[in-house]
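Visitor: sequence first, predicted model second:
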Amino acid sequence: MSMKAFDVLVNIFFPPRCVTCNELLPYYSDSLFCDDCYDALDEELSQKCDNCGKTVSECRCMPDILRPSLESLVSVSRYTSSGSKTDKIVLFAKDFKNKKLFDFMADKMIASLYASLPAIGDLTVTFVPRSAKRKRETGHDQSEMISRAIADKLSVKFDKIFQKRGEKQQKKLDKHARADNARSSYQIIKGREADVKGKIFLLCDDVVTTGASLSVCAELLLKAGAHKVYGVSFAKTVKRRKVKRSRKSGNKKSYFLKKRLDKDKLL
Ligand SMILES: [Zn+2]
Ligand SMILES: [Zn+2]
């Protein structure tokens with residue numbers, strides 16, 4: 001891809017840096033990442049889900065809390081809270097308004113979506129917002145930026161449906177407190193309920209961990225009469241589903257089953 005002369009000039013004075021390791025990139029670079037980080041990210045994107053064995057872009061696993069309200073959850077990569085390239089992209093997008101990065105995330109999300117969404121023409125894209133306070137602090141809402149880019153690229157309607165009240169940040173809360181906090185935090189913007197009725201929504205979030213925020217917004221859409229809600233995120237956390245163990249301990253079958261489960265845990 002060739003760069004515009006103006007961009008090259010900007011790069012000479014403000015050399016671009018790799019989004020995930022902050023290394024200086026050559027002034028002529030049009031890239032978001034250094035070569036090493038690109039390779040590492042590629043590797044992360046090809047990792048398999050612990051539950052279903054598919055790559056995350058093909059995997060449709062989602063937190064149980066989302067099952068009643070979402071048709072499916074499509075994601076690109078795993079959020080592991082371990083400082084992975086994926087984790088760093090998510091955190092960078094929260095703090096910095098980088099249009100090129102939002103486009104990159106949107107492109108990846110669309111590539112995952114194409115495999116699973118039948119009727120893209122009918123969709124309305126919306127997003128799980130951050131609070132007005134957070135938006136003021138960073139100057140942007142990453143999920144809004146990403147979902148606008150997705151709607152643009154798919155040539156479908158974008159609509160801002162929700163607002164977030166309250167200042168409590170989800171990441172400081174445990175799973176149950178998150179669900180309660182989320183339920184009281186989101187609401188459909190006054191007067192917008194009528195615009196939801198009968199529509200198919202693509203509900204976008206940057207990262208899905210417990211699924212609390214996404215489930216609340218999906219439920220609000222359905223309650224207001226939305227026809228269906230599909231979820232999409234750049235990253236998601238997938239916890240391994242617990243396998244129910246036999247209550248009758250001591251019989252041969254459950255002993256071998258237990259052995260197998262223990263072995264699985266090590267893999
Ligand atoms: Zn790098
Ligand atoms: Zn899976």
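Guide: Looks like it came in fine. Ligands and ions are numbered 1, 2, ... in the order given.
Visitor: ok, Ser131 touching Arg165?
Guide: Yes - judged on CB atoms under 8 Å, Ser131 makes contact with Arg165 at a distance of 7.3 Å. C-beta here means a position set from N, CA and C on the backbone, and glycine is covered the same way.
Visitor: shared neighbours, those two?
Guide: Residues touching both Ser131 and Arg165 (CB atoms under 8 Å, 6 or more residues apart in numbering): Ser185.
Visitor: what residues are bridge-paired with the residue nearest to the spatial centre of the chain?
Guide: Central residue of the chain (CA atoms, centre = their mean): Ser233, 2.3 Å from the mean position. For Ser233, the beta-bridge assignment (DSSP bridges) gives partners Asp205.
Visitor: mind checking how far it is from Gly211?
Guide: 10 Å (CB to CB, to the nearest Å).
Visitor: ok, Lys54 next?
Guide: Distance from Lys54 to Gly211, by CB to CB: 19 Å.
Visitor: any low-confidence regions in the stretch 151-267 of the chain?
Guide: Applying pLDDT under 70 to the stretch 151-267 of the chain flags the ranges 166-171, 241-267.
Visitor: any idea which element the residue of it found nearest ligand 2 lies in?
Guide: Residue of the stretch 151-267 of the chain nearest ligand 2, by CB to the ion: Val238 (5.7 Å). For Val238, there is no host helix or strand (DSSP states H and E).
Visitor: does it really touch Cys61, like I thought?
Guide: Yes - applying CB under 8 Å as the test, Val238 and Cys61 come out as touching, 5.0 Å apart.
Visitor: and the two? Which one has more around it.
Guide: Neighbours per residue, other CB atoms under 10 Å: of Val238 and Cys61, the larger number sits with Val238, 20 against 17.
Visitor: for the more buried one, grab phi and psi.
Guide: Main-chain torsions, Val238, degrees, to the nearest 10: phi -110, psi 120.
Visitor: ok, now how distant is it from Gly83?
Guide: 18 Å.
Visitor: more crowded one of Lys54 and Gly211?
Guide: Taking other CB under 10 Å, Lys54 and Gly211 do not tie; Gly211 has more neighbours (27 against 12).
Visitor: and for the more buried one, nearest residue in space, chain neighbours not counted?
Guide: Closest residue to Gly211 apart from its sequence neighbours, by CB to CB, 6 or more residues apart in numbering: Pro63 at 3.6 Å.
Visitor: which residues does the one you found contact?
Guide: For Pro63, the contact set (CB under 8 Å, 6+ apart) comprises Val208, Thr210, Gly211, Ser215, Lys239.
Visitor: let's see which of these end up in helices.
Guide: With helices taken from DSSP state H, the overlap with these comprises Ser215.
Visitor: which among the contacts of Pro63 count as buried?
Guide: With burial judged by 16 or more other CB atoms under 10 Å, the buried subset of the contacts of Pro63 is Val208, Thr210, Gly211, Ser215.
Visitor: quick one: residues contacting the third one.
Guide: Which is Gly211. By CB under 8 Å, 6+ apart, the contact set of Gly211 is Met62, Pro63, Ile65, Leu66, Leu73.
Visitor: Val232 versus the residue of the stretch 151-267 of the chain closest to ligand 2, what's the distance?
Guide: Going from Val238 to Val232 by CB to CB gives 15 Å.
Visitor: what about the closest residue to Thr209 other than its chain neighbours, how many neighbours?
Guide: With CB to CB, 6+ apart as the criterion, Thr209 has its nearest non-adjacent residue at 4.6 Å, and that residue is Thr237. Neighbourhood size, Thr237 [other CB under 10 Å]: 16.
Visitor: Val125 is in contact with Lys157, correct?
Guide: Yes - contact status for Lys157 versus Val125: in contact at 7.0 Å, counting by CB under 8 Å.
Visitor: contacting residues for Ser29?
Guide: Ser29 makes contact with Asn11, Pro16, according to CB under 8 Å, 6+ apart.
Visitor: can we see that at 10 Å?
Guide: Met3, Val8, Asn11, Pro15, Pro16, Arg17, Cys18 (CB atoms under 10 Å, 6 or more residues apart in numbering).
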